[in-house]
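**Student:** what's the 3D shape of this:
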Amino acid sequence: MNIVWFDANKGIPSATVAQYGINLNNSAAEYLKSAVKIKLGYEEKMKHICIQSCDKNDTSGFNLPHMDDKVKNARISCREFIRLLSIKFGLDTTISDKYYCYWDEGIKVLVIDLNQKIPKKQLMKKIKTEEI
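**Tutor:** Residues are numbered from 1 along each chain as shown. Now for the predicted structure:
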């Protein structure tokens, strides 16, 4: 049995994809806390964004802000990468959407799954109201 335990203090690991770039919440950023620079990529068939730590001298890498106990998220400014994703995947980046992400231990990559959008709080409230 392969059990994955949920940490109630961290919440759902998620990433917001917006026109300016990608914002990782605390739970997702935790996987990259020792990284100084990262590489961004995508897997077209699966509609995944992949984030991997890279050497600080890698010229193709993106700078990642220093994370400590006070920093609750990590913002990656990557406007051109987002434009590429909007072309490849038909993403509407005029609306910021939040997606589930997970750590792939086998390849040491944080994966943002564009197939698993997390509903906005307003939508969740509406759903709960309609159920009553």
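**Student:** how about the strands in the chain?
**Tutor:** Per DSSP state E, the chain carries strands over the ranges 14-18, 21-25, 37-43, 48-54, 62-63, 73-77, 97-104, 109-118.
**Student:** of the ones you listed, which is nearest residue 3?
**Tutor:** Closest to residue 3 of the strands of the chain is strand 97-104 (C-beta to C-beta; 14.7 Å). In this view, the C-beta of every residue, glycine as well, is placed from N, C-alpha and C.
**Student:** now that closest one, how far from the chain's geometric center?
**Tutor:** Centre-to-centre, strand 97-104 and its host chain are 5 Å apart (C-alpha atoms, centre = their mean, to the nearest Å).
**Student:** relative to that strand, what are the paired strands and their orientations?
**Tutor:** Note on strand 97-104: by DSSP bridges, its sheet partners are strand 14-18 (antiparallel), strand 109-118 (antiparallel).
**Student:** which among those strands is found nearest to residue 45?
**Tutor:** Closest to residue 45 of these, according to C-beta to C-beta: strand 109-118, at 11.0 Å.
**Student:** how about that closest one: buried residues?
**Tutor:** Going by neighbour count (16 or more other C-beta atoms under 10 Å), the buried part of strand 109-118 is 109, 110, 111, 112, 113, 114, 118.
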